[in-house]
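[1] Here is my input; please provide its structure:
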Amino acid sequence: MKTQLFGRSFYGPLVIALLVLCSFTIGDRNEHIKGSGTIKQEVRTQNPFKSISTSGNYNVYIQQGSKRDIQIEADDNLLPYIVTTVEGNELHINTKKGYEIKPSKTVNIYVTVEELEALNSSGSGGFYSKNSLKGDKVVFSFSGSTIADMDLTSNALNVRISGSSKVNLKGNIPSANYGISGSGDIDAFDLHSDNVRVEVSGSGKLDVYADKKLDISVSGMGNVRYKGNASISQSSSGMSKVSKKD
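    Below you'll find the predicted structure:
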C-alpha cells in the first residue's frame with residue numbers, strides 16, 4: 001500500500017503562495033526610461049510651501065523669495081515622469097510611480113521659498129542654498145547618500161542624518177541639535193551657535209562650533225571636533241574621539 005505524502009491540502013496553499021510571490025515580483029518591476037540627451041527647462045507653478053521632500057537623485061537649489069515657480073532642468077522626455085506636488089506646506093519631488101528614469105545628466109530643480117521649515121530626503125539627491133535662507137525652526141532629515149550645502153539664519157536647527165549623507169552648513173543659529181547614525185558627515189564649523197547638542201553613533205564625523213554650551217554624546221567609532229568657547233559636557237564610548245580644533 002502506497003502512502004500519499006502530499007495531497008491536495010498541501011498543494012493548494014503552495015500554489016497560492018507561488019502566485020502571490022510572482023505577483024509581487026512582477027509588480028516591483030519598474031519601466032526604465034532613458035534620457036534623450038536633449039536638456040530642457042520646464043517651469044511649473046505650485047501652491048506655496050515651506051518644506052521640501054525628495055525621493056530619488058534630484059539636486060534642489062533653494063532661494064528665498066515670493067515666487068511660486070519651480071524650474072526643472074532635465075532631459076525633455078523625462079519631464080513628464082518627474083512629479084512635483086504640494087501637500088499641506090510640503091513640496092514633494094519624486095519619480096512617477098512604476099517608472100525609473102535614467103537621465104543623461106543629474107536633474108536640477110530650482111525652487112523659491114518665503115520661509116524654510118524642513119528638508120527631507122531619501123536617496124542620492126542634494127540640497128543647495130543660493131542665498132542665506134531664513135526660518136524660525138528648521139529641521140533636516142536625510143538618509144541614503146544625500147548631500148546638502150546650506151547657508152542658514154534661524155532661531156533653531158535640528159539635523160538628523162543616516163547612511164552616508166554629507167552636510168555642509170554655515171550661518172548663524174543660536175540653538176542647534178545634530179544627530180548622525182552610520183557613516184554620515186556634518187561640517188558645521190562655519191555655523192556659529194551658542195548652545196549645541198551632538199549625538200553621533202557608528203563611524204560618523206561631526207565638526208561643530210559652539211560659544212556657550214556644548215553637550216556631546218558619541219559612541220562606536222564616531223569623531224567629534226569642536227570650535228568656540230563653550231563649556232563642554234561629554235559622554236563617549238568605544239573607539240570614539242572628541243577633540244578641540246584650534
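[2] Please count neighbours and contacts with C-alpha atoms only from this point.
    Will do.
[3] Check which residues of stretch 191-208 are buried.
    Residues 191-208 are the ones in stretch 191-208 that count as buried (16 or more other CA atoms under 10 Å).
[4] Ignore what I typed, I meant stretch 235-244.
    Neighbour-count burial for stretch 235-244 flags S236, S240, K241, V242 (criterion: 16+ other CA under 10 Å).
[5] Lowest-scoring secondary structure element of this protein by mean pLDDT?
    The helix or strand of the chain with the lowest confidence, counting by mean pLDDT, DSSP states H and E, is helix 8-27 at a mean of 48.
[6] Remind me what the next helix-or-strand element following that one packs against, helices and strands.
    Scanning forward in sequence from helix 8-27, with DSSP states H and E defining helices and strands, the next element found is strand 31-34. Strand 31-34 makes packing contacts with strand 99-102 when contacts are defined by 3 or more CA pairs under 8 Å, 6 or more residues apart in numbering; DSSP states H and E.
[7] picking that back up, please tabulate the buried residues of stretch 235-244 in a markdown table, including the columns pLDDT and secondary structure.
    Converted to a markdown table, the buried residues of stretch 235-244 look like this (pLDDT from 0 to 100; DSSP: H, G, I helix; E, B strand; the rest coil):
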| residue | pLDDT | secondary structure |
| --- | --- | --- |
| S236 | 90 | strand |
| S240 | 92 | coil |
| K241 | 94 | strand |
| V242 | 95 | strand |
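[8] Now distance to E115 too, for those residues, in JSON lines please.
    Formatted as JSON lines, the buried residues of stretch 235-244 follow (distance: CA to CA, whole Å):
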{"residue": "S236", "distance to E115": "37"}
{"residue": "S240", "distance to E115": "37"}
{"residue": "K241", "distance to E115": "37"}
{"residue": "V242", "distance to E115": "35"}
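[9] Tell me the one of those nearest G123?
    Using CA to CA, the shortest approach to G123 within the buried residues of stretch 235-244 belongs to S240, at 27.4 Å.
[10] State the distance from that closest one to G228.
    Between S240 and G228 the distance is 21 Å, computed by CA to CA, to the nearest Å.
[11] still on that earlier bit, now intersect the buried residues of stretch 191-208 with the strands, please.
    Members of these lying in strands (criterion: DSSP state E): 191-200, 205-208.
[12] measure N120 to H32 for me?
    When N120 is compared with H32 (using CA to CA), they lie 25 Å apart.
[13] Same drill for these two, tell me which one is more crowded.
    Relative neighbour count places N120 above the other of N120 and H32, with 20 against 11, counting by other CA atoms under 10 Å.
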